[in-house]
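*Asks:* Got a predicted structure plus its sequence, pasted below:
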Amino acid sequence: MISGIQHFAFCQRQWALIHIENQWRENVLTTEGNHVHQRVDDSGFDETRGVFRIVRSVPLVSESLRIRGIADMVEFERQSEKCEETVMLDGREGNWKVTPVEYKRGKPKSDDRDIVQLCAQAICLEEMLGVKIACGAIYYAETRRREQVMFSDSLRLRVKTLVAGMRLLYDENRTPRAEYQKHCERCSLISICKPKWSAKGYSKSAAAYVKRFVEGGEDQSDDC
């Protein structure tokens, strides 16, 4: 799933828990994110405003990357001239520039988890429509601003690398071991992931853990 690229870029273990083990748990951040997406989740929305055509909840697929998903919104802007960045739309006159727009609850991140998801959407649209997409946009609800994202060659390569990593873990049906970091405290899956257990060596083997517990060498106070 395209939405999984964001999870994988943030934490490979988080991605595996969700997309391989089918585990999920809400927290205040995920709930707020759901509310933001509900505002644009309308598969029947198709509106023209001047030179813009706005379509929401657009199904996406890429045969080359073997990914699929939904774009929050795709904007088509009428252009005066035809070029590699424009397409013709059924039942519409003129040439149209294509821009994917993703909605997020917070503000711009210090990492690339949001922009790789948007770039993956652009790659899908390029394949589906036979067009070149140079940039897209992410709307952040906290700042109420759009941030433009340029789809550079290095960003496209980053997306392909992430998808290859996702495919490898998925084919191997493997969940990476946890590594506790500061961002773990904001993750809705922390009670399932238990990253501090790995930091203490609990995940080396179940047998080793049981042996230490029986021998009375474990202090479980931090994990209760």
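*Replies:* Thanks, I have it. Numbers count the residues shown, from 1 in each chain.

*Asks:* Which positions within the longest helix seen in the chain qualify as buried?
*Replies:* Scanning the chain for the longest helix, with DSSP state H as the assignment, gives helix 153-172. By neighbour count on 16 or more other Cβ atoms under 10 Å, the buried set for helix 153-172 is 155-156, 158-159, 162-163, 166, 169. C-beta coordinates here come from the backbone N, C-alpha and C atoms, glycine included.

*Asks:* Mind pulling the model confidence for residue 19?
*Replies:* Confidence at residue 19, expressed as pLDDT, is 89.

*Asks:* for this structure, longest strand please?
*Replies:* The residue-count maximum for a strand in the chain (DSSP state E) belongs to strand 67-79.

*Asks:* got the contact list for whichever helix or strand comes after that one?
*Replies:* Moving toward the C-terminus from strand 67-79, the next helix or strand (DSSP states H and E) is strand 86-87. Strand 86-87 is contacted from outside by 76, 79, 95-98, 129-131, using Cβ atoms under 8 Å, 6 or more residues apart in numbering.

*Asks:* Restricted to strands, list those.
*Replies:* Using DSSP E, the members of these that fall in strands are 76, 79, 95-98.

*Asks:* tell me the contacts of the residue nearest to residue 190 when sequence neighbours are not counted?
*Replies:* Spatially, and ignoring its direct neighbours in sequence, residue 190 is nearest to residue 184 (5.6 Å; Cβ to Cβ, 6 or more residues apart in numbering). By Cβ under 8 Å, 6+ apart, the contact set of residue 184 is 190, 193, 195.

*Asks:* same thing with residue 63?
*Replies:* Counting by Cβ under 8 Å, 6+ apart, residue 63 touches residue 127.

*Asks:* repeat that with 10 Å
*Replies:* 124, 127-128 (Cβ atoms under 10 Å, 6 or more residues apart in numbering).

*Asks:* Next one: it, what pLDDT does it get?
*Replies:* Residue 63 carries a pLDDT value of 96.

*Asks:* What of the one 10 residues further on?
*Replies:* Predicted confidence (pLDDT) at residue 73: the value is 96.

*Asks:* and it, how many neighbours does it have?
*Replies:* When neighbours are counted by other Cβ atoms under 10 Å, residue 73 registers 19.

*Asks:* can you check residue 139 too?
*Replies:* Neighbourhood size, residue 139 [other Cβ under 10 Å]: 17.

*Asks:* any idea which helix or strand carries it?
*Replies:* Per DSSP H and E, residue 139 falls inside strand 135-140.

*Asks:* quick one: low-confidence parts of this structure?
*Replies:* By pLDDT under 70, the low-scoring segments of the chain are 25-43, 197-224.

*Asks:* Perfect, I'm done here.
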